[in-house]
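1. what follows is a predicted structure for the sequence shown.
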Amino acid sequence: MLLFKTLGIIGMTIKQRIAYRGALWFGTIATAASILIYYYLWQAVFSESAVIDGYTFQMMITYIIIARVLASQFFNGINLTLADWIRQGSIATELLRPIGILRSLFALRIGEFCQFLVFKMIPITIVAAFLLGASPPASVVHFLLFIINILAALVLLFFFEVIVGTLAFYTMEYYAVRFAKDAALTILSGGLVPLFLFPEWLQSIFRFLPFQHLVAGPIEMYLGVLSYSEALWALVNLGVWILVMMSIALLFFNTAMKKVVVQGG
């Protein structure tokens, strides 16, 4: 019964996102435009050199296409839904539902990702790769590791969004928090520029943080920049960070829920 309810939320979320066709088309066009801008930018950069830090122009174009598409999902997320529930006071109603809030939010996130995958990631990536000349995956195994990383990173992103959304309990205005989250993820994940372009000391920090697994990590697997052993170790590292982020999110969320009970009592 619980599974059917979860699947129902996923299906409902997909239908809701598709219903807003204007927003869907705007987001798709904006992502495609950013890919085109970065294409011409890197075309100018590579006019002076055939290879930059081991990346050919074709590899860089592949990085740009996948990175801009993956990073585009940072600007939505269930942190907005959770923040709206908190600000509007409907969080109390959600607490009474038979399906837990976090389970409901996770189902919403899966629905958003499915809509993102079918209506943005796959079509934009295929069209852009065909028109701009992207590289195929380094191997079938590298591509499978890339897929596994993307799916696991969704769980990591979900728990991070729970943390960010819960901040609405403590802030009068949520817009600044949302903007900071979007900007931080885009930069720290390698969604804006590849991580290897940063100074080595800054790269070390970015590589230590979990957000590289959202964009830079899976793309490096796709391109074969990481060996099989390095890719497997990266997935292990991602798994550890998921547990850490989950623990923080649950602690943060449960503490906030106690505050709701106290205020309502």
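-> Here it is on my side, so go on. Numbering: from 1, shown residues only.

2. please, which helix or strand holds residue 180?
-> helix 175-188 (DSSP states H and E).

3. buried set for that helix?
-> Neighbour counts over helix 175-188 (16 or more other C-beta atoms under 10 Å) mark 177-178, 181-182, 185-188 as buried. For every residue, glycine as well, the C-beta is placed using N, CA and C.

4. would you reformat these as CSV and include pLDDT and distance to residue 253?
-> Converted to CSV, those look like this (pLDDT from 0 to 100; distance: C-beta to C-beta, whole Å):
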residue, pLDDT, distance to residue 253
177, 85, 15
178, 84, 18
181, 91, 16
182, 90, 21
185, 94, 19
186, 93, 24
187, 93, 26
188, 94, 22
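
5. tell me which of the residues you listed is nearest to residue 33?
-> Nearest to residue 33 among those is residue 186, at 15.7 Å by C-beta to C-beta.

6. what about the closest one, distance to residue 74?
-> 6 Å (C-beta to C-beta, to the nearest Å).

7. ditto for residue 248
-> 19 Å.

8. residue 197 now?
-> 19 Å.

9. which of those two has more residues huddled nearby?
-> residue 74 (21 against 13; other C-beta atoms under 10 Å).

10. pretty sure the more buried one is touching residue 188, no?
-> No. Between residue 74 and residue 188 there is no contact, the gap being 10.3 Å when judged by C-beta atoms under 8 Å.

11. so for the host helix or strand of residue 106, what gets flagged as buried?
-> Using DSSP H and E, residue 106 sits in helix 101-116. Using 16+ other C-beta under 10 Å as the burial criterion, the residues of helix 101-116 that qualify are 101-102, 104-113, 115-116.

12. that helix - contacts with which helices or strands?
-> In terms of contacts (3 or more C-beta pairs under 8 Å, 6 or more residues apart in numbering; DSSP states H and E), helix 101-116 is packed against helix 2-19, helix 78-88, helix 91-95, helix 140-166.

13. one more pass at 6 Å, please.
-> Packing partners of helix 101-116 (3 or more C-beta pairs under 6 Å, 6 or more residues apart in numbering; DSSP states H and E): helix 2-19, helix 78-88, helix 140-166.

14. can you tell me which helices and strands the last one packs against?
-> In terms of contacts (3+ C-beta pairs under 6 Å, 6+ apart), helix 140-166 is packed against helix 78-88, helix 101-116, helix 216-223, helix 228-264.

15. what do you get if the cut-off is 8 Å, keeping everything else the same?
-> Applying 3+ C-beta pairs under 8 Å, 6+ apart, one finds that helix 140-166 makes contact with helix 78-88, helix 101-116, helix 175-188, helix 216-223, helix 228-264.

16. chain center to the fourth one: distance?
-> Read that as helix 216-223. Centroid displacement of helix 216-223 relative to its chain, using C-alpha atoms, centre = their mean, to the nearest Å, is 14 Å.

17. which residues are contacting it?
-> Here helix 216-223 makes contact (C-beta atoms under 8 Å, 6 or more residues apart in numbering) with 59, 62-63, 66-67, 70, 135, 137-138, 142-143, 145-146, 149-150, 153, 189-190, 194-195, 226, 231, 234, 238.

18. what's the angle from that helix to helix 175-188?
-> Angle, helix 216-223 to helix 175-188, by axes from the mean of the first three to the mean of the last three C-alpha atoms, to 10 degrees: 30 degrees.

19. so, low pLDDT: which residues of the stretch 151-265 of the chain?
-> Along the stretch 151-265 of the chain, the parts satisfying pLDDT under 70 run over 172, 259-265.

20. my read: residue 13 touches residue 111, true?
-> Yes. In this structure, residue 13 is within contact of residue 111 by C-beta under 8 Å, at 2.7 Å.
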